[in-house]
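In: Sequence and predicted structure, then a few things I'm wondering about:
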Amino acid sequence: MNAFTINTPEYAALSEHWARLCNHIEEQGIFEDAPTVVLSGADQAEQEALLRLMLGVRPGQVSQEANQIVDELMGRNNNQMGAQLFGPVGHAAHPVHAQQSAATSKAPQMHQAAVPPTAEQADETDETPERRMKGEFLRGRPACHVRMPGGRVDVGMVELNTFFPACFLNPEAILRANRNGFSREQLAEMQLRPVNQFHKTEFTTTVNRLQQQISKAGKLEEPNRQGRWRTEEYVKRVGLQSDLTTAAWRQREQYGNGGSTGRWTDMSLVDIANCVPRANWPVGNDRLYVTACLEFAVANPGRNLTTANWASIIQNDLPTFALPAALTGANENRDTEAHTRLFG
């Protein structure tokens, strides 16, 4: 694994482009694992060469747009550093696969455009550019180790993306999504729309994060598989995931390491609910027990209910709750129904 280091503050702004580069070099098979960057001992020419690589410009190629961004990052244009890191939709300096993955994914019923709007075109009421660049729509949301309903309780794909976007750090969650037909672009949209953050900058950040989660999950799931792990090959080999519960979920540290049991933590159900505007909660076929439990917790704040209370709420407080009918065909389930309905 190749390693480099960044230890000067001004290069922190490169994190998003580095995430894109990691995805690009992993897809192209340049490195078995995505490398880490170090610029501490590099001279100016080496720094600029690396920046151009991070912007998707191969050695020997010329890109005026990349040159302009490099000038900004090196402070030669006296503008705010990083002001053009992302540029307008379809910026040519972005790595090609990052554009194509968004532009060529199926246009879902959830939105009208093939790519999300820019941050300037979106509603930015409470979000500063700095917060968006860091992908901080996750701040205050449930962590990946927050306890989910156990047992035989189905948790919907829309519920996971709406209320628990960080859960996809757990390999079973992200691999279930892949096996049941959801692309990283579709998952990103499902995570961002409920919190009104579906715009170009946050979308790109989220797609990159999901790609890293997919790659890590595959390596943990099949550590002895020879060669590079490929999502499409894995999905074709193992088929649909019909277990839509979280009973078998394991945290990353539970893979290997002597069979660690992991550590699941609890969080207030009202706090989870308050992270998402009520108007954007799952409805219809997407409203399963998680949504019903959160509705009950919000209606009964004096109970101080947490994720430790999933089972008791379902058993004692929702005895008449009826789940939407589930598909029962050989190659269909709640996830595939949701995917077809939302994305065609």
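Out: Structure's in. What do you need? The structure presented is a predicted model; accordingly, all values stated were derived computationally and were not measured.
In: Could you chop the protein up by domain?
Out: Domain segmentation of the chain under automatic domain parsing yields 3-97, 105-344.
In: Quick one: end-to-end distance for stretch 273-284.
Out: 18 Å (C-alpha to C-alpha, to the nearest Å).
In: Give the buried residues for that stretch.
Out: A273, C275, V276, W281, P282 (16 or more other C-beta atoms under 10 Å). All C-beta spots, glycine's among them, are computed from the backbone N, C-alpha and C.
In: Identify the farthest-apart pair in those residues.
Out: Greatest spacing in these, by C-beta to C-beta: C275 and P282 (13.8 Å).
In: Pick out the shakiest of the domains of the chain, pLDDT-wise.
Out: Note on the domains of the chain: domain 3-97 shows the lowest mean pLDDT, a mean of 50.
In: All the strands of this protein, in order from the start?
Out: Assigned by DSSP state E, the chain shows strands spanning 3-4, 36-37.
In: what sits against the closest residue to L175 other than its chain neighbours?
Out: Nearest residue to L175, sequence neighbours excluded (C-beta to C-beta, 6 or more residues apart in numbering): A217, at 5.3 Å. Contacts for A217 (C-beta atoms under 8 Å, 6 or more residues apart in numbering) come out as P171, I174, L175.
In: now the helices for the stretch 101-250 of the chain?
Out: Under the criterion DSSP state H, counting those that start in this stretch, the stretch 101-250 of the chain contains helices at 129-133, 157-163, 171-179, 184-192, 200-221, 231-238.
In: buried set for the last one?
Out: In other words, helix 231-238. If you call a residue buried by 16+ other C-beta under 10 Å, then helix 231-238 has these buried ones: T231, Y234, V235.
In: list the buried ones in stretch 202-222?
Out: 202-221.
In: burial measure for the spatially closest residue to N161 that is not a sequence neighbour, as a count.
Out: Spatial nearest neighbour of N161, chain neighbours left out: M190 (3.8 Å); criterion: C-beta to C-beta, 6+ apart. Per other C-beta atoms under 10 Å, the neighbour tally for M190 reads 25.
In: now swap in Y255 and tell me
Out: Neighbours of Y255 using other C-beta under 10 Å come to 17.
In: Equivalent analysis for L53, please.
Out: L53 has 18 neighbours, counted by other C-beta under 10 Å.
In: Next: A322.
Out: By the criterion of other C-beta under 10 Å, A322 has 7 neighbours.
In: For Y255, see how far away it is.
Out: Note on A322: its distance to Y255, by C-beta to C-beta, to the nearest Å, is 37 Å.
In: Repeat that for L210.
Out: Using C-beta to C-beta, L210 is found at 19 Å from Y255.
In: Please apply the same query to L175.
Out: Using C-beta to C-beta, L175 is found at 12 Å from Y255.
In: so what sits against both of these two?
Out: Common neighbours of L175 and Y255 (C-beta under 8 Å, 6+ apart) are E221.
In: Contact partners for V235?
Out: Residues near V235 by C-beta under 8 Å, 6+ apart: N178, R179.
In: Surely V195 is in contact with C275?
Out: Yes: contact criterion C-beta atoms under 8 Å: V195 and C275 qualify, at 7.2 Å.
In: With distance to A326 as extra columns, can I get the buried residues of helix 231-238 in JSON lines?
Out: As requested, the buried residues of helix 231-238 are exported to JSON lines (distance: C-beta to C-beta, whole Å):
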{"residue": "T231", "distance to A326": "26"}
{"residue": "Y234", "distance to A326": "25"}
{"residue": "V235", "distance to A326": "21"}
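In: Can you tell me which of those comes closest to T336?
Out: Of the buried residues of helix 231-238, the one sitting nearest to T336 (C-beta to C-beta) turns out to be V235, at 12.7 Å.
In: which residue packs closest to G284, ignoring adjacent ones?
Out: Excluding the flanking residues, the one nearest G284 by C-beta to C-beta, 6+ apart is P324, at 7.0 Å.
In: Next: A326.
Out: R334 (5.3 Å).
In: and if you look at V238?
Out: R179 (6.5 Å).
In: Tell me how far the residue lying closest to P277 once chain neighbours are set aside lies from I174.
Out: Leaving aside its chain neighbours, P277 sits nearest to N196 (7.0 Å; criterion: C-beta to C-beta, 6+ apart). Per C-beta to C-beta, N196 is found 24 Å from I174.
In: tell me how far the ends of stretch 224-233 are from each other?
Out: First residue to last in stretch 224-233 (C-alpha to C-alpha) measures 15 Å.
In: Buried by neighbour count: which residues of that stretch qualify?
Out: So for stretch 224-233, counting by 16+ other C-beta under 10 Å, buried means W229, T231.
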